[in-house]
Each structure stands twice: as structure tokens, then as C-alpha cells.
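[1] need a structure here:
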Amino acid sequence: MKAVRRPTALRRAFTLVEAMLAVAILSLVVAAIYSSWTAILRASKAGLDAAAQAQRSRIALQTLEDALTLAQISAINADYYAFVAQGGEEALLSFVARLPSSFPRSGRFGDLAMRRVIFRVEPGPENDRVLTLRQHPLVRQLDQDEENHPLILARSVRALDLAFWDLRTGDWLEEWTFTNRLPPLVRLTLRLTRPGSQLAQEERLITRVVAIPTRGIPPHFQMPRTAGPVPGTPGTPGTPGPAPGVPPRPGQPPVIPAPTPVVPGPNPGVAPPP
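    Predicted structure coming up:
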């Protein structure tokens, strides 16, 4: 019986088992490449988020420091210059400062450099907690745009802890109740959630101590509230009187003319000298 000889092309083809094995190896290689690629993307996103958070926290603390170093307070108008501070998860820091043109959002207020700044930790638009900044001129109220659209300084904020140095006790105070005085030192601790983590022990802490150089505007540098001897008012030294021949105004003291000097003449009955 003669054997059937197969064509050479058929003898060199892959079997079904070999083809399935090749497909399985190719799938493993593609899966390894895809997992490596996704790991690189996750690491790149985590690095970018960490860098963005670090930059935002640095800008936030720098903004806080710039505002605190320019804080102002008045002993006479304490109602307008009150220093309000509350730390924690619902932190609030509100005071008056003379802000430069380089301060954020200064272009909205023009030449009104004396403004009240309000730093607050509150819920953000992305279901997280943010540190916001609002400001308004000293004698005005917050407008609707500034109230509804504050400047977001930092995201993923857990809390803003505040501590104040007390010169009398020589120690840090967690609460500042003296709204009519400025503390000499303020310790700011910004607690942030690490990107991609919700654990409390993995939070990021940034601490900075800020010195407030001013101690307030003395009362004698401002207009007094009670009536007193003010230069330029009637009856005070240095106030000019009315012109000669002009009657004095009501409440203005009259001008007493200087006496005319009397030159003594010769006595009666005495002959003048030759």
C-alpha cells in the first residue's frame, strides 16, 4: 500500500494547541504592559496631586502670613477692627489689614487698601473641605459675588489649627478672646488629607509661626470722640482773631487793641529849655 505524502505547507502549519498557547502568551504580555502603564499613570497622577497640594498649601500659608503681618487695629474704633479667631475643623480668622496691590483680588477694590479679610474652612464644591478667602472694604459689607464665589486657597483641608502667644503667661493659647488686641505671634497649622488617602494618621501637617509687628493705632493718633481744645477753634492758642474793623463772629473772642503809648510833655509853668 502506497503512503500518501502531504504537501510541505501542511506539514509546517501550527496545531490548534500551539495557536491557543501563542494567544495565551500574547494575552499575558499585553496584560503586563497594560498593568505597568496604568501603574505609571497612577503614580504620575499621585505625584501631580501631591505637588499641586504642596504648592497650594504654600500659597495659602503665604497669603495668611502676608495678611497677618499687615494687620491693623484701632483702640477707638474697636467695633470695626475686631480680631476674631477660631481654630479647628470650622476654623475662622477675620481681621483688618492694609493690603498691597499684589494681594490676591486687590484689583477688585481699587484704592481701598484697608480691608477686612476672612479666612474660613468650609465644605467645597467637590465634596471636600477647602480653605477660602473673602474680603471687603472696611466700611462696606460683603457683596454677593464675594460671598458666593470666594477664593479657594487650599483643598482637601481637614482643619486649620491656631495658637496665639500670650505675653502675660509666656505660653501658647488655643483660643484668643481679646478681640480688641493683636497677638504678637500666631502659630498656623494646616492639616491636609494626603492625595488618595482618607486615613487620619496619613494627614499632612504644615506649621508656620507668624509675627505681627503692629500693636494697634494709639488713640492720640486718631480724631478724638469728645470735644476738646483743637487747634484752629475759637479760644485756643494760635487762632487768629478778626481783621481790624470787622466785628467778631459769634463765639469768637473780641480783639482788644493794644494801648497807645503816652509820651510825657513839659510840666505846666515850666519854661521849655532854650
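
[2] So, low pLDDT: which residues of the stretch 51-200 of the chain?
    196-200 (pLDDT under 70).

[3] hmm, 80 instead?
    Where the stretch 51-200 of the chain drops to pLDDT under 80, the residues are 75-79, 194-200.

[4] all helices in it, in order from the N-terminus.
    For the stretch 51-200 of the chain, the helices defined by DSSP state H, counting those that start in this stretch cover 144-148.

[5] in it, which spans are strands?
    Applying DSSP state E, counting those that start in this stretch to the stretch 51-200 of the chain gives strands spanning 71-72, 84-86, 92-98, 114-123, 129-137, 151-154, 157-166, 171-173, 185-192.

[6] Now find how far off-centre the fifth one is within its chain.
    This means strand 129-137. Remark: strand 129-137 is offset 8 Å from the chain centroid, using Cα atoms, centre = their mean, to the nearest Å.

[7] Make JSON lines out of the strands of the stretch 51-200 of the chain and add mean neighbour count.
    Just so you know, the C-beta spots here come from the backbone N, C-alpha and C atoms, and that holds for glycine as well. Converted to JSON lines, the strands of the stretch 51-200 of the chain look like this (neighbours: other Cβ atoms under 10 Å):
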{"stretch": "strand 71-72", "mean neighbour count": "18"}
{"stretch": "strand 84-86", "mean neighbour count": "16"}
{"stretch": "strand 92-98", "mean neighbour count": "20"}
{"stretch": "strand 114-123", "mean neighbour count": "19"}
{"stretch": "strand 129-137", "mean neighbour count": "21"}
{"stretch": "strand 151-154", "mean neighbour count": "19"}
{"stretch": "strand 157-166", "mean neighbour count": "20"}
{"stretch": "strand 171-173", "mean neighbour count": "13"}
{"stretch": "strand 185-192", "mean neighbour count": "20"}
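
[8] right, and the ones you listed - which one's nearest Glu18?
    strand 185-192 (56.2 Å; Cβ to Cβ).

[9] What pLDDT does the model give Lys2?
    For Lys2, the model assigns a pLDDT of 59.

[10] quick one on the thing from earlier: what's the closest of the strands of the stretch 51-200 of the chain to Ser44?
    The nearest among the strands of the stretch 51-200 of the chain, by Cβ to Cβ, is strand 185-192 at 20.2 Å.

[11] That closest one - which strands sit beside it in the sheet, and in what orientation?
    strand 157-166 (antiparallel), strand 204-211 (antiparallel) (DSSP bridges).

[12] could you dump the ones you listed to JSON lines with distance to Arg58?
    Formatted as JSON lines, the strands paired with strand 185-192 follow (distance: least, Cβ to Cβ, whole Å):
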{"stretch": "strand 157-166", "distance to Arg58": "14"}
{"stretch": "strand 204-211", "distance to Arg58": "8"}
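
[13] Met114 is nearest to which of these?
    Of all the strands paired with strand 185-192, strand 204-211 sits nearest to Met114, with 19.8 Å by Cβ to Cβ.

[14] Need the CA coordinates for the closest one. PDB is fine.
    What follows is strand 204-211, C-alpha atoms only, in PDB (Å, rounded to 0.1, in the frame of the first residue of the first chain):
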ATOM      1  CA  ARG A 204      -0.100  66.100  56.100                       C
ATOM      2  CA  LEU A 205       0.800  68.900  58.600                       C
ATOM      3  CA  ILE A 206       2.300  72.300  57.700                       C
ATOM      4  CA  THR A 207       3.200  74.600  60.500                       C
ATOM      5  CA  ARG A 208       4.300  78.200  60.400                       C
ATOM      6  CA  VAL A 209       4.800  80.900  63.100                       C
ATOM      7  CA  VAL A 210       3.900  84.500  62.000                       C
ATOM      8  CA  ALA A 211       4.900  87.600  63.900                       C
END
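
[15] which one of the strands paired with strand 185-192 lies closest to Leu99?
    strand 204-211 (15.3 Å).
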